[in-house]
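Enquirer: Next one to model:
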Amino acid sequence: MTTIKIEGIRQLREETGIGMMDCKKALTEANDDIERAKEILREQGLELMEQIGREAHEGRIVSYVHHTGKVGVMVEMACNTDFAANGAEFIQLANDIAMHIASEAPLYVAPADVPEEDVEQKKAEMRKQMEEQGKPAEIIEKAVEGSISRFFKDACLIKQPFIKNPDVTIEDMLADLRTKTGENILVAQFSRFAIGEDENEA
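Expert: Residues are numbered from 1 along each chain as shown. Here you go, the predicted structure:
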(Lines give C-alpha, C1' and ligand atoms only; values in the text may rest on other atoms or scores of the structure.)
Protein backbone atom coordinates (compact mmCIF):
# COMPACT_ATOMS: atom_id res chain seq x y z
CA MET A 1 0.00 0.00 0.00
CA THR A 2 1.37 3.41 -1.03
CA THR A 3 2.18 5.75 1.84
CA ILE A 4 0.74 9.20 1.12
CA LYS A 5 3.01 12.00 2.24
CA ILE A 6 1.56 15.19 3.73
CA GLU A 7 3.65 17.22 1.26
CA GLY A 8 1.79 15.64 -1.66
CA ILE A 9 -1.58 16.29 -0.05
CA ARG A 10 -0.70 19.94 0.52
CA GLN A 11 0.58 20.32 -3.04
CA LEU A 12 -2.62 18.86 -4.49
CA ARG A 13 -4.72 21.09 -2.24
CA GLU A 14 -2.76 24.19 -3.22
CA GLU A 15 -3.05 23.38 -6.93
CA THR A 16 -6.75 22.54 -6.85
CA GLY A 17 -8.31 24.34 -3.89
CA ILE A 18 -9.90 21.04 -2.81
CA GLY A 19 -10.09 20.13 0.88
CA MET A 20 -7.39 18.05 2.58
CA MET A 21 -9.44 14.90 3.14
CA ASP A 22 -10.66 14.75 -0.46
CA CYS A 23 -7.09 15.29 -1.67
CA LYS A 24 -5.81 12.48 0.55
CA LYS A 25 -8.49 10.07 -0.72
CA ALA A 26 -7.74 10.96 -4.34
CA LEU A 27 -3.98 10.56 -3.87
CA THR A 28 -4.49 7.20 -2.16
CA GLU A 29 -6.60 5.99 -5.09
CA ALA A 30 -4.03 7.40 -7.54
CA ASN A 31 -1.07 5.75 -5.77
CA ASP A 32 0.41 9.16 -4.97
CA ASP A 33 0.27 10.35 -8.62
CA ILE A 34 -0.81 14.01 -8.41
CA GLU A 35 -1.97 14.35 -12.03
CA ARG A 36 -4.03 11.18 -11.77
CA ALA A 37 -5.43 12.43 -8.46
CA LYS A 38 -6.61 15.60 -10.24
CA GLU A 39 -8.41 13.44 -12.80
CA ILE A 40 -10.08 11.48 -10.00
CA LEU A 41 -11.26 14.70 -8.36
CA ARG A 42 -12.74 15.84 -11.68
CA GLU A 43 -14.44 12.48 -12.14
CA GLN A 44 -15.96 12.87 -8.68
CA GLY A 45 -17.40 16.21 -9.73
CA LEU A 46 -15.22 18.34 -7.47
CA GLU A 47 -14.42 21.66 -9.12
CA LEU A 48 -10.72 22.49 -9.36
CA MET A 49 -9.90 26.07 -8.47
CA GLU A 50 -7.61 26.29 -11.50
CA GLN A 51 -10.66 25.67 -13.72
CA ILE A 52 -13.23 27.82 -11.91
CA GLY A 53 -11.87 31.11 -13.24
CA ARG A 54 -14.59 33.08 -11.48
CA GLU A 55 -13.92 36.32 -9.69
CA ALA A 56 -15.06 36.45 -6.07
CA HIS A 57 -17.21 39.58 -6.21
CA GLU A 58 -19.62 38.63 -3.42
CA GLY A 59 -18.97 38.12 0.28
CA ARG A 60 -19.35 39.89 3.57
CA ILE A 61 -17.47 41.98 6.10
CA VAL A 62 -17.36 40.67 9.66
CA SER A 63 -15.98 42.21 12.81
CA TYR A 64 -14.67 40.90 16.09
CA VAL A 65 -13.90 42.77 19.31
CA HIS A 66 -12.10 41.02 22.15
CA HIS A 67 -13.96 41.04 25.48
CA THR A 68 -11.37 43.45 26.91
CA GLY A 69 -12.38 46.01 24.30
CA LYS A 70 -8.72 46.58 23.48
CA VAL A 71 -8.41 44.55 20.27
CA GLY A 72 -10.73 44.62 17.27
CA VAL A 73 -10.70 43.17 13.75
CA MET A 74 -12.56 43.71 10.49
CA VAL A 75 -12.28 41.07 7.76
CA GLU A 76 -13.51 41.11 4.18
CA MET A 77 -14.37 37.56 3.13
CA ALA A 78 -15.00 37.03 -0.58
CA CYS A 79 -16.88 34.36 -2.53
CA ASN A 80 -18.71 33.95 -5.84
CA THR A 81 -22.36 34.19 -4.82
CA ASP A 82 -24.54 35.96 -2.30
CA PHE A 83 -26.04 32.56 -1.46
CA ALA A 84 -22.68 31.31 -0.18
CA ALA A 85 -22.00 34.58 1.67
CA ASN A 86 -25.20 34.11 3.67
CA GLY A 87 -24.51 30.47 4.49
CA ALA A 88 -23.97 29.46 8.11
CA GLU A 89 -20.63 27.79 7.41
CA PHE A 90 -19.29 30.83 5.55
CA ILE A 91 -20.32 33.15 8.37
CA GLN A 92 -18.84 30.83 11.01
CA LEU A 93 -15.55 30.63 9.11
CA ALA A 94 -15.43 34.41 8.76
CA ASN A 95 -16.02 34.86 12.48
CA ASP A 96 -13.39 32.25 13.36
CA ILE A 97 -10.84 33.95 11.12
CA ALA A 98 -11.59 37.37 12.61
CA MET A 99 -11.09 35.96 16.12
CA HIS A 100 -7.87 34.28 14.99
CA ILE A 101 -6.51 37.55 13.58
CA ALA A 102 -7.25 39.33 16.85
CA SER A 103 -5.21 36.73 18.73
CA GLU A 104 -2.33 36.02 16.32
CA ALA A 105 -1.87 39.45 14.66
CA PRO A 106 -0.73 38.36 11.17
CA LEU A 107 0.80 41.07 8.99
CA TYR A 108 -0.36 39.83 5.57
CA VAL A 109 -3.08 37.64 4.10
CA ALA A 110 -0.72 35.43 2.03
CA PRO A 111 2.94 35.14 1.03
CA ALA A 112 2.14 36.79 -2.29
CA ASP A 113 1.20 39.95 -0.37
CA VAL A 114 4.65 40.32 1.22
CA PRO A 115 6.63 43.00 -0.68
CA GLU A 116 9.40 41.37 -2.70
CA GLU A 117 11.96 43.83 -1.36
CA ASP A 118 11.16 42.73 2.20
CA VAL A 119 11.66 39.08 1.27
CA GLU A 120 14.96 39.82 -0.45
CA GLN A 121 16.14 41.88 2.51
CA LYS A 122 15.42 39.01 4.91
CA LYS A 123 17.24 36.59 2.60
CA ALA A 124 20.25 38.90 2.43
CA GLU A 125 20.36 39.26 6.21
CA MET A 126 20.26 35.49 6.69
CA ARG A 127 22.95 34.88 4.03
CA LYS A 128 25.24 37.44 5.65
CA GLN A 129 24.74 35.88 9.08
CA MET A 130 25.48 32.38 7.78
CA GLU A 131 28.51 33.53 5.75
CA GLU A 132 29.97 35.16 8.85
CA GLN A 133 29.64 31.79 10.57
CA GLY A 134 31.61 30.18 7.74
CA LYS A 135 28.79 27.89 6.55
CA PRO A 136 29.04 26.16 3.12
CA ALA A 137 27.05 27.69 0.24
CA GLU A 138 24.60 24.77 -0.04
CA ILE A 139 23.86 24.95 3.68
CA ILE A 140 23.36 28.70 3.45
CA GLU A 141 20.74 28.46 0.69
CA LYS A 142 18.79 25.77 2.54
CA ALA A 143 18.89 27.86 5.72
CA VAL A 144 17.72 30.95 3.83
CA GLU A 145 14.74 29.13 2.29
CA GLY A 146 13.85 27.62 5.66
CA SER A 147 14.01 31.03 7.29
CA ILE A 148 11.70 32.56 4.67
CA SER A 149 9.27 29.66 5.03
CA ARG A 150 9.13 30.20 8.79
CA PHE A 151 8.64 33.94 8.25
CA PHE A 152 5.64 33.28 5.98
CA LYS A 153 4.13 30.93 8.58
CA ASP A 154 4.51 33.58 11.26
CA ALA A 155 3.47 36.63 9.26
CA CYS A 156 0.89 35.37 6.74
CA LEU A 157 -2.67 34.63 7.85
CA ILE A 158 -3.38 31.66 5.59
CA LYS A 159 -0.17 29.89 6.63
CA GLN A 160 -0.84 30.17 10.36
CA PRO A 161 -2.20 27.21 12.40
CA PHE A 162 -5.76 27.98 13.48
CA ILE A 163 -5.78 29.21 17.07
CA LYS A 164 -8.61 26.84 18.08
CA ASN A 165 -7.17 23.80 16.24
CA PRO A 166 -3.42 23.99 15.49
CA ASP A 167 -3.63 20.79 13.41
CA VAL A 168 -5.12 22.81 10.53
CA THR A 169 -4.09 26.09 8.96
CA ILE A 170 -6.37 28.91 7.86
CA GLU A 171 -5.49 27.83 4.31
CA ASP A 172 -6.83 24.33 5.08
CA MET A 173 -10.09 25.76 6.43
CA LEU A 174 -10.63 27.89 3.33
CA ALA A 175 -9.91 24.92 1.07
CA ASP A 176 -12.38 22.70 2.93
CA LEU A 177 -15.19 25.22 2.50
CA ARG A 178 -14.32 25.68 -1.17
CA THR A 179 -14.77 21.95 -1.59
CA LYS A 180 -18.15 21.97 0.14
CA THR A 181 -19.51 24.99 -1.73
CA GLY A 182 -17.72 24.82 -5.08
CA GLU A 183 -16.97 28.53 -4.69
CA ASN A 184 -13.78 30.57 -4.69
CA ILE A 185 -13.72 31.52 -1.01
CA LEU A 186 -10.89 33.68 0.26
CA VAL A 187 -9.85 36.40 2.68
CA ALA A 188 -9.73 39.58 0.59
CA GLN A 189 -8.27 41.86 3.27
CA PHE A 190 -8.29 42.58 6.97
CA SER A 191 -7.55 45.32 9.47
CA ARG A 192 -6.59 44.76 13.10
CA PHE A 193 -6.80 47.48 15.72
CA ALA A 194 -5.24 47.33 19.18
CA ILE A 195 -5.08 49.95 21.87
CA GLY A 196 -1.47 51.08 22.25
CA GLU A 197 -0.33 49.36 19.04
CA ASP A 198 0.02 50.51 15.43
CA GLU A 199 -2.71 49.28 13.10
CA ASN A 200 -1.92 46.11 11.12
CA GLU A 201 -3.53 45.98 7.75
CA ALA A 202 -3.37 43.49 4.88
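
Enquirer: all contacts plus neighbour counts: C-alpha atoms, from now on.
Expert: Fine.

Enquirer: give me the element Arg10 is part of.
Expert: Assessed by DSSP states H and E, Arg10 sits inside helix 6-16.

Enquirer: which of the residues in that helix are buried?
Expert: By neighbour count on 16 or more other CA atoms under 10 Å, the buried set for helix 6-16 is 8-10, 12-14, 16.

Enquirer: quick one: low-confidence ranges for the chain?
Expert: Flagging of the chain using pLDDT under 70 yields the residue ranges 1-3, 44-55, 198-202.

Enquirer: Longest helix of it, counting residues only.
Expert: Longest helix of the chain, by residue count under DSSP state H: helix 137-155.

Enquirer: Could you list every helix and strand in contact with that helix?
Expert: When contacts are defined as 3 or more CA pairs under 8 Å, 6 or more residues apart in numbering; DSSP states H and E, helix 137-155 packs onto helix 116-132.

Enquirer: what angle separates the helix it packs on from helix 137-155?
Expert: Interaxial angle, helix 116-132 versus helix 137-155 (axes from the mean of the first three to the mean of the last three CA atoms, to 10 degrees): 140 degrees.

Enquirer: Residues in contact with helix 116-132: which ones?
Expert: Helix 116-132 has contacts (CA atoms under 8 Å, 6 or more residues apart in numbering) with 140-141, 143-145, 147-148.

Enquirer: if we can go back for a sec, quick one: the helix holding Arg10 to chain centroid distance?
Expert: How far helix 6-16 lies from its chain's middle: 12 Å, per CA atoms, centre = their mean, to the nearest Å.

Enquirer: The residue in the chain sticking out farthest from the centre and Arg192, how far apart?
Expert: Relative to the C-alpha centroid of the chain, counting by CA atoms, centre = their mean, Gly134 is the outermost residue, at 35.4 Å. Distance, Gly134 to Arg192, using CA to CA, to the nearest Å: 41 Å.

Enquirer: now do Ile101
Expert: Distance from Ile101 to Arg192, by CA to CA: 7 Å.

Enquirer: what residues do those two have in common as contacts?
Expert: Counting by CA under 8 Å, 6+ apart, the residues touching both Ile101 and Arg192 are Val73.

Enquirer: Gly59 should be in a strand, yeah?
Expert: Yes. Assigned with DSSP: H, G, I helix; E, B strand; the rest coil, Gly59 falls within a strand.
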